[in-house]
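K.L.:
predicted model and sequence below, questions to follow.
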Amino acid sequence: MDVVVIFNGLGNQMSQYAYYLAKKKVNPNTKVIFDIMSKHNRYGYDLERAFGIEVNKTLLIKVLQIIYVLSRKFRLFKSVGVRTIYEPLNYDYTPLLMQKGPWGINYYVGGWHSEKNFMNVPDEVKKAFMFREQPNEDRFNEWLQVIRGDNSSVSVHIRRGDYMNIEPTGYYQLNGVATLDYYHEAIDYIRQYVDTPHFYVFSNDLDWCKEQFGVENFFYIECNQGVNSWRDMYLMSECHYHINANSTFSWWGAWLCKFEDSITVCPERFIRNVVTKDFYPERWHKIKSC
C-alpha cells in the first residue's frame, strides 16, 4: 500500500494531491491513497475549502495515521514493512519513486512540485483543481470580473511575512530569492511583451508593496484574508500573465492559467543556494536573483 502524505499550505497540498493522482494512474493494481498525516499551515486542510476534495475518514485511515506517527516518532514497524520514502531535497524529478513501492506500507513524504511528476494525468489534475465559485462574495467577484475582462492582466505574487523569518523556522532558505531587484526585472520583462500591462498584486504585506510600486497600473487585492486566502490563487489563475514569488502558491496560480500565450516569470531557484532544476516548468522565464 502506498500512502501520499498531505501537509503544509495549499500549494504543497495541491502538488501532493497531483502526485497521488499520477501514482494511481501508474500503479492501477496497487492500493494508493492520500491523507493528512502531518501539520498544515494555520488555515488547515485547504483542498476541501478551495476545491471540495474531502479527507478520507475511514477506520483504515485512522489506523494508518497512528502507524505513521509511531513509525516517525519512535522508529517502530520498519522491520515489518513500514517505511517512509522521501523526495530529494532539491525537488528533482525521480521517476523511480513513481513506480510501485516495496511490499508493506509506504508513506511518500515530499513536495512533489515538478510538473514532470504528474504530466501523465494533466487533465485529471486540472479537473480536480477547479475552484469553487463564491456567489455571496461581492468584492471578490468584482475583482474576478475585472481580471477576466482584462487581456493585459498580470498577477504579481510577493511573499513577505513568514518568508522574512530566520532559523529555526526554515524560511530563511526562501528569503532572499525573490528580491525587489527580481521584481523590477520581471516587470521590465513583461513590459517588453505586453502593451500597458495591469499588475494585480497579491501579498501578505500589501502596505510594503504599495510603497515600492505605487498605484499607476498597479492594483492591490485585499479582499482575501485568513481562511479565504486561497481565493488569491483563484484570481491569479485568471490573470493572463504572471510574475511569481518562490512560492508553490503562485506556482499553481500560474500553472492553472488557461491562456496558451501566457508568460510566466519566476526566480531561477526556489531555495537559496540550492539548484532546483525541475521545480519550474521549462517554458517559464527564469530570472537569476540570488
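P.N.:
That came in fine, so what should we check first?

K.L.:
from now on I want contacts and neighbour counts done on CA atoms only, so please keep to that.
P.N.:
Fine.

K.L.:
just grab the bridge partners of residue 264 for me.
P.N.:
Counting by DSSP bridges, residue 264 forms beta bridges with residue 242.

K.L.:
surely it touches residue 242?
P.N.:
Yes: contact between residue 264 and residue 242 holds when scored by Cα atoms under 8 Å: they sit 4.6 Å apart.

K.L.:
more neighbours: the two, which one.
P.N.:
A count of neighbours by other Cα atoms under 10 Å puts residue 242 above the other of residue 264 and residue 242, at 31 against 23.

K.L.:
gap between the two ends of stretch 200-217?
P.N.:
Chord length of stretch 200-217, first to last residue, is 8 Å (Cα to Cα, to the nearest Å).

K.L.:
now it, how far from the centre of its chain.
P.N.:
Mean-position distance between stretch 200-217 and its chain equals 22 Å (Cα atoms, centre = their mean, to the nearest Å).

K.L.:
common neighbours of residue 264 and residue 242, please.
P.N.:
Residues touching both residue 264 and residue 242 by Cα atoms under 8 Å, 6 or more residues apart in numbering: residue 254.

K.L.:
helix or strand right after the least confident helix or strand in the chain by mean pLDDT?
P.N.:
Of all helical and strand segments in the chain, the minimum by mean pLDDT, DSSP states H and E falls on strand 32-40, at a mean of 79. Where DSSP states H and E defines the elements, the next helix or strand beyond strand 32-40 is helix 46-51.

K.L.:
give the buried residues for that following helix.
P.N.:
Neighbour-count burial for helix 46-51, counted by 16 or more other Cα atoms under 10 Å, picks out 46-47, 49-50.

K.L.:
kindly report the same for stretch 118-137.
P.N.:
Those would be 118, 121, 125, 128-129, 131, for stretch 118-137 by 16+ other Cα under 10 Å.

K.L.:
mind checking the end-to-end distance for that stretch?
P.N.:
33 Å.

K.L.:
chain center to that stretch: distance?
P.N.:
13 Å.

K.L.:
check stretch 139-153 too.
P.N.:
Mean-position distance between stretch 139-153 and its chain equals 22 Å (Cα atoms, centre = their mean).

K.L.:
make CSV out of the buried residues of stretch 118-137 and add secondary structure.
P.N.:
Putting these into CSV (DSSP: H, G, I helix; E, B strand; the rest coil) gives the following:
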residue, secondary structure
118, coil
121, coil
125, helix
128, helix
129, coil
131, coil
